[in-house]
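J.: Turn this into a model:
(2 chains)
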Amino acid sequence: MSIIVIYTIISLCALGVLAALILYFVAQKFMVIEDPRIDEVEGMLPGANCGGCGFPGCRGFAEAMVKADDISDLNCPVSDADGMVAIAAHLGHEASAADPKIAVLRCNGTCDNRAKTNHYDGAPNCTIVASLYVGDTGCTYGCLGHGECVDSCKFDAMYMDPITGLPVIDADKCVACGACVKACPKNIIELRNKGKKDRRIFVSCVNKDKGGVAKKACSVACIGCMKCQKVCPFEAITIENNLAYIDFNKCKLCRKCVPECPTDAIHELNFPPKKVAAPIIESLTKETPKENNHN
Amino acid sequence: MLKTFRKGGVHPAENKFSANAAIVNAEIPKVAHIPLGQHIGAPANPVVKKGDQVKVGQLLAQSSGFVSANIHSSVSGTVAKIDNVIDSSGFSRQSIVINVEGDEWLESISKTDEVIDDLSHTPEDILKKIKEAGIVGLGGATFPSHIKLAPPPGKTAEVLLINGVECEPYLTADHRLMFERGEEMLIGTMLIMKALKVNRGGIGIENNKPDAIKNLTELAKKYDGIDIVPLKVKYPQGGEKQLIKAVINREIPSGALPIEVGAVVHNVATAYAVYEAIQKNKPLFERVVTVTGKSVKNPSNLLVRIGTPTKQLIEAAGGLPSDTGKVVSGGPMMGKSLSTLDTPISKGSSGVLLFREEEAKRRSVEPCIRCSKCVSVCPMGLEPYLLMTLAENQIWDRSEEEKTMDCIECGSCMYTCPADRPLLDYIRLSKASVGKIIRSRNKPV
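T.: Numbering: from 1, shown residues only, chains lettered A, B, ... in the order given. Below is the predicted model:
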């Protein structure tokens, strides 16, 4: 009996050694020599694998970084500026830090601002609704409110506000990976510069209808009146198809356009309250929707 | 045993309330909104401008590509504007808005009610006239008819099938047309056969329309080569592939067109429109629309000018019932609910259905219990539950392997699902996404 056990152990050990030898030689023969810097760069990246850079995960991005001669086009949105500078220095490139960005919702069609014209009872999925019809409000451009952007966010930086029916972006958690921008079938989310001290000014509307039609559908729609364009000293505002757009590279955050907008479609974020020019009582009684931003 | 297709199918309650209502002319609207995209393919290019005077039958917009169709005026009056209007597709698209004044027809159009059985036209002539008249598939798919009548090189048609199945519950527009205008319809069929250069024609009719079958069988004796084929009642027999299987027992390979098996299918209303275009020189600007529903006072079949607002047809059928929960354009299985009652009737609108609140409501979605009912009713032999799951998880390569593009969107799976899952909603999503991928792959670099 015991002899059988011994034979078994011996033969198994022999097999193991044989397999190890074969594996060793095969591994030698087919060895892939990889640039060790890929691993190092991958270690320096945040490891979120979000795809915000346009490459398949952090390793794909690290490979691209190591291979590229000029890395000025490559940017990891999740890393902070210091992180990207460190990687660039590690690879012996000139340090280049892109302006940090953040996702911005360009629709303020809350349930109060935008009346429902019909009731949708199909599958709750924005892409399906967008492929079926104009949507359940008079506005054919705005948010459909089924939260596909929220589902696409891998950083838990978005949620649906049950009162307004619109998604809310958590500025502290958003890394500007752009997943929500791709997910939204109505293209209402945009990546914009984070701005100095997180201050931002943008037109919170994407409605391209004529002023009257847009205003009828939603009380805070951009009606393309061009008032903001006229008042802007930096030519940062362009109006195309009845819709104003503020170029964040040209905008100097002077805030002249904000009070000019007759429908309150231009939003300002994280600014201190303006110095009061009018009597205090009046400005107190006026409740500005600009404070109640959705970003 | 009556003929039918083999795979899958369902039999919803027929509810054909308007089967005995004769076709009556609907009132001409005061303002007509004529959409420029009433067909599959590129929208037509307008040839009139604001302020122009138009007559009934005048060309409003020219076909703008290979897959496109002409649009003609259904009313006489002044062009008020060309503006975006929500049409029956559910989207806001360009339409020509006409303020109606009187009812003045182009002189070239014959207004006679007599049957003209002149079959001396050449095939080229017929094809040209069909193209000019802007005729599209009136069964609902609105594919421009002249393209179907010109088989691609290397393929020849052997048989023409006319689809008088009307398998959708509620709808009776085709039924009444076959019963009341049978002779005209048969002449139209003969003309299409001539254009296709085939000498065999079959008209498939479901067995729930005995009066139409009897009428046409009697009339068809005069016309050589046309067979009337009664079919067992089963949805979706009106689907092109199902009809071909049912009538001539041929199966179309996945992804191929009916011409692959030598068949061309047209709807009865299309055959009637061909008759009118050739014999009376009348372009397609009106169609029969069924207005019906359980609470509708007078379920009716109306001959409607294109561009008439849906609201007006509901008025004509006795007004909007107070318990209406949903208004659907088309049949209950494949139709689309309307977001506004101002939606104009277009070439593809076969019916206006008014559902009661309790009928219209979707029940809450439950988890799939793997009963495979959807698999057994799918007429294309697909696995709807699987396609939905793949679409939910956005696995498009596998969806393509599972032949999501073969889905004919008949809705049998959703109708039969005991868990009320939105199967078709997700399959449509998957078809749109996979279609986009296939197109980008086939694009020449």
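
J.: Which residue, other than its chain neighbours, is closest to A:M44?
T.: Nearest non-adjacent residue to A:M44, counting by Cβ to Cβ, 6 or more residues apart in numbering or on different chains: A:I87, 5.2 Å away. (C-beta placed from N, C-alpha, C; glycine too.)

J.: mind listing what the residue in the stretch 51-200 of chain A that chain B sits nearest to touches?
T.: As assessed by Cβ to the nearest Cβ, chain B sits closest to A:Y133 within the stretch 51-200 of chain A, at 2.9 Å. A:Y133 makes contact with B:I86, B:S89, B:G90, B:F91, B:K336, B:S339 under the criterion Cβ atoms under 8 Å, 6 or more residues apart in numbering or on different chains.

J.: Output the residues you listed in JSON lines, with secondary structure, neighbour count and distance to B:G319 appended to each entry.
T.: Formatted as JSON lines, these follow (DSSP: H, G, I helix; E, B strand; the rest coil; neighbours: other Cβ atoms under 10 Å in any protein chain shown; distance: Cβ to Cβ, whole Å):
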{"residue": "B:I86", "secondary structure": "strand", "neighbour count": "23", "distance to B:G319": "22"}
{"residue": "B:S89", "secondary structure": "coil", "neighbour count": "19", "distance to B:G319": "26"}
{"residue": "B:G90", "secondary structure": "coil", "neighbour count": "20", "distance to B:G319": "24"}
{"residue": "B:F91", "secondary structure": "coil", "neighbour count": "19", "distance to B:G319": "28"}
{"residue": "B:K336", "secondary structure": "strand", "neighbour count": "17", "distance to B:G319": "23"}
{"residue": "B:S339", "secondary structure": "coil", "neighbour count": "22", "distance to B:G319": "20"}
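
J.: As a markdown table, those residues with pLDDT would be great.
T.: Formatted as a markdown table, the contacts of A:Y133 follow (pLDDT from 0 to 100):
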| residue | pLDDT |
| --- | --- |
| B:I86 | 91 |
| B:S89 | 87 |
| B:G90 | 89 |
| B:F91 | 91 |
| B:K336 | 92 |
| B:S339 | 91 |
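
J.: Check for me that B:E184 belongs to a helix.
T.: Yes. According to DSSP: H, G, I helix; E, B strand; the rest coil, B:E184 belongs to a helix.

J.: The residue lying closest to it once chain neighbours are set aside in helix, strand or coil?
T.: Among residues not flanking B:E184 along the chain, B:Y275 sits closest, at 4.6 Å (Cβ to Cβ, 6+ apart). Judged by three-state DSSP, the three-state class of B:Y275 is helix.

J.: So what's the residue count around B:Y275?
T.: Counted with other Cβ atoms under 10 Å in any protein chain shown, residues neighbouring B:Y275 total 25.

J.: what sits against it?
T.: By Cβ under 8 Å, 6+ apart, the contact list for B:Y275 reads B:E184, B:M185, B:I187, B:G188, B:L191.

J.: Would you state the predicted confidence (pLDDT) at the residue of the stretch 51-200 of chain A closest to chain B?
T.: pLDDT, A:Y133: 91.

J.: do B:T308 as well
T.: 96.

J.: any idea how far the nearest residue to it once chain neighbours are set aside is from B:L59?
T.: Counting by Cβ to Cβ, 6+ apart, B:P29 is the residue found nearest to B:T308 once chain neighbours are left out, at 4.5 Å. Distance, B:P29 to B:L59, using Cβ to Cβ, to the nearest Å: 20 Å.

J.: What about chain A: which of the contacts of A:Y133 touch it?
T.: Restricting these to those touching chain A (Cβ under 8 Å from any Cβ of the partner chain) yields B:I86, B:S89, B:G90, B:F91, B:K336, B:S339.

J.: Just the closest of the residues you listed to chain A, please.
T.: Distances from chain A to the ones next to chain A among the contacts of A:Y133, taken as Cβ to the nearest Cβ, are shortest for B:G90 (2.9 Å).

J.: wait, the closest one sits on B:G335?
T.: No. Counting by Cβ atoms under 8 Å, B:G90 sits too far from B:G335 to count as a contact (11.3 Å).

J.: list the contacts for the nearest residue to B:L341 once chain neighbours are set aside?
T.: Leaving aside its sequence neighbours, B:L341 sits nearest to B:K311 (Cβ to Cβ, 6+ apart; 4.2 Å). Shown in contact with B:K311 (Cβ under 8 Å, 6+ apart): B:L320, B:L341, B:D342.

J.: Quick one, which of the residues you listed are buried?
T.: By neighbour count, with 16 or more other Cβ atoms under 10 Å in any protein chain shown, those hold B:L320 as buried.
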